[in-house]
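Novice: for reference, the sequence and a predicted model appear below.
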Amino acid sequence: MSRKLEGKVALVTGSGRGIGRSIALKLASEGARVVVNDLDPEPAAEVLDTIRAAGGEAVACLGSVTAPDFAERFVGAATGQFKGLDIIVNNAGYTWDTVIQKMTDEQWYAMIDVHLTAPFRILRAAQPVIRSLASKEGEEGRRVVRRIVNISSVAGLFGNPGQVNYSSAKAGITGMTMTLAKEWGRLNTTVNCVAFGLIQTRLTAAAAGAGTTASIDGRQIKVGVSSDLMATMERGIPLGRSGTPEEAAGAVYMFCIPESDYVSGQTLLCSGGLTGI
């Protein structure tokens with residue numbers, strides 16, 4: 001049986017851990033050659049090893065998506081190593097929460113940079129490549145559909161107390177999605193968005209203590225929630241539980257396969273039925 005993404009080239013930001021890792025593994029399992037990204041070499045190497053052990057192809061592009069030179073390096077990794085570019089998943093991100101009156105400019109811009117500016121730069125860098133490939137394919141009488149999948153959140157659609165920075169950035173990515181769907185349709189490129197609800201990652205895992213932190217982009221960020229709070233949050237989800245990274249990856253995958261060739265400019269909720277916060 002042929003795999004649905006055989007020979008495609010996919011770029012996935014933040015794919016060394018959590019949802020991004022599951023997205024990279026899912027796309028690779030369907031035949032995509034994947035450019036894996038993470039801040040740290042160890043998780044990226046683990047994903048590469050897993051993909052290669054299953055017979056797939058992957059390379060790493062390490063570093064922060066917010067670095068000024070990252071977008072060109074990332075796109076260049078795809079075109080240089082695999083001579084193509086078919087799928088881009090803008091997944092990398094984290095949260096840095098507090099109420100607005102306590103929020104610093106650094107907290108605000110950190111979220112805007114990682115969730116909105118970084119995808120903008122990556123897609124800006126990718127556009128000339130996609131345009132050139134689409135033009136060549138048109139001259140040859142071929143039609144190849146490419147895919148952009150941006151990641152938003154229920155917080156970006158409905159707001160969430162304590163997350164004015166994150167919610168604003170995630171709302172922005174839906175506007176970017178709709179605009180580029182209109183700009184890039186002529187390039188045979190679909191642009192869609194997946195808005196996640198509560199997904200099980202290291203950022204949402206039950207915290208062992210109040211001081212649980214993770215080093216993200218040079219900052220020590222508080223992560224995790226108490227088991228009591230997690231249980232309360234899950235009770236508000238119609239399906240009664242949080243989602244797994246594999247289920248989140250499945251929602252992204254839906255926008256990458258031929259069955260979605262005529263779907264563009266859409267935001268899909270992957271939230272277990274949660275339609276508000």
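Specialist: Perfect, I can see it now.
Novice: what are the buried residues along stretch 171-185?
Specialist: 171, 172, 173, 174, 176, 177, 180, 181, 184 (16 or more other CB atoms under 10 Å). In this view, the C-beta of every residue, glycine as well, is placed from N, C-alpha and C.
Novice: my guess is the third one contacts residue 156. True?
Specialist: Yes. Taking CB atoms under 8 Å as the contact criterion, residue 173 and residue 156 are neighbours in contact, 6.8 Å apart.
Novice: mind giving me the packing neighbours of the helix or strand of the chain with the lowest mean pLDDT?
Specialist: Each helix and strand of the chain was given a mean pLDDT (mean pLDDT, DSSP states H and E); the minimum falls on strand 213-216 at a mean of 79. Strand 213-216 makes packing contacts with strand 219-222 when contacts are defined by 3 or more CB pairs under 8 Å, 6 or more residues apart in numbering; DSSP states H and E.
Novice: for the helix or strand following the strand it packs on, what is the average pLDDT?
Specialist: Next in sequence after strand 219-222, counting helices and strands by DSSP states H and E, comes helix 227-235. The predicted model assigns helix 227-235 a mean pLDDT of 81.
Novice: hey, C-alpha coordinates of helix 227-235 in CSV?
Specialist: Presented in CSV, the C-alpha positions along helix 227-235 are these (Å, rounded to 0.1, in the frame of the first residue of the first chain):
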residue,chain,number,x,y,z
SER,A,227,-3.3,17.4,39.4
ASP,A,228,-6.4,19.0,40.9
LEU,A,229,-6.5,21.8,38.4
MET,A,230,-5.9,19.3,35.6
ALA,A,231,-8.8,17.2,36.7
THR,A,232,-11.0,20.3,36.9
MET,A,233,-10.0,21.4,33.4
GLU,A,234,-10.6,17.9,32.0
ARG,A,235,-14.1,17.8,33.4
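Novice: that helix: how far from the chain's middle?
Specialist: From the chain centre to the centre of helix 227-235 is a distance of 25 Å (CA atoms, centre = their mean, to the nearest Å).
Novice: just give me the closest of the buried residues of stretch 171-185 to residue 160.
Specialist: If you rank these by distance to residue 160 using CB to CB, residue 171 comes first, at 11.0 Å.
Novice: can you tell me what sits against the helix or strand containing residue 34?
Specialist: Residue 34 is located in strand 33-36, with elements delineated by DSSP H and E. With CB atoms under 8 Å, 6 or more residues apart in numbering as the test, strand 33-36 has contacts from 7-12, 15-16, 24, 27-28, 44, 47-48, 51, 56-61, 74, 77-78, 81-82.
Novice: show me the residues you listed that map onto strands.
Specialist: Under the assignment DSSP state E, those contribute 9, 10, 11, 12, 58, 59, 60 to strands.
Novice: report how many residues lie close to the third one.
Specialist: Taking other CB atoms under 10 Å as the criterion, the count of residues near residue 11 is 28.
Novice: mind listing what it touches?
Specialist: With contact taken as CB under 8 Å, 6+ apart, residue 11 is in contact with 34-35, 37, 61, 74-75, 77-78, 85, 87-89, 122.
Novice: quick check on the residue most central in space within the chain: phi, psi?
Specialist: Here the mean C-alpha position of the chain is nearest to the C-alpha of residue 91 (CA atoms, centre = their mean), at a distance of 1.6 Å. Summarising the backbone geometry of residue 91 under the convention degrees, to the nearest 10, its torsions are phi -110, psi -30.
Novice: just checking, it touches residue 151?
Specialist: Yes. When contacts are counted by CB under 8 Å, residue 91 is listed as touching residue 151 (4.9 Å).
Novice: and the helix or strand harbouring residue 72, what does it pack against?
Specialist: Using DSSP H and E, residue 72 maps to helix 70-81. Other elements packing on helix 70-81 under the criterion 3+ CB pairs under 8 Å, 6+ apart are strand 9-12, strand 33-36, helix 118-139.
Novice: coming back round to it: joint contacts of residue 91 and residue 151?
Specialist: With CB under 8 Å, 6+ apart, residue 91 and residue 151 have common neighbours 19, 252.
Novice: circling back: how about the buried residues of stretch 171-185 in a markdown table, adding distance to residue 251 and pLDDT?
Specialist: Shown next, in a markdown table, are those (distance: CB to CB, whole Å; pLDDT from 0 to 100):
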| residue | distance to residue 251 | pLDDT |
| --- | --- | --- |
| 171 | 19 | 98 |
| 172 | 20 | 98 |
| 173 | 15 | 98 |
| 174 | 15 | 98 |
| 176 | 18 | 98 |
| 177 | 14 | 98 |
| 180 | 19 | 98 |
| 181 | 17 | 98 |
| 184 | 21 | 98 |
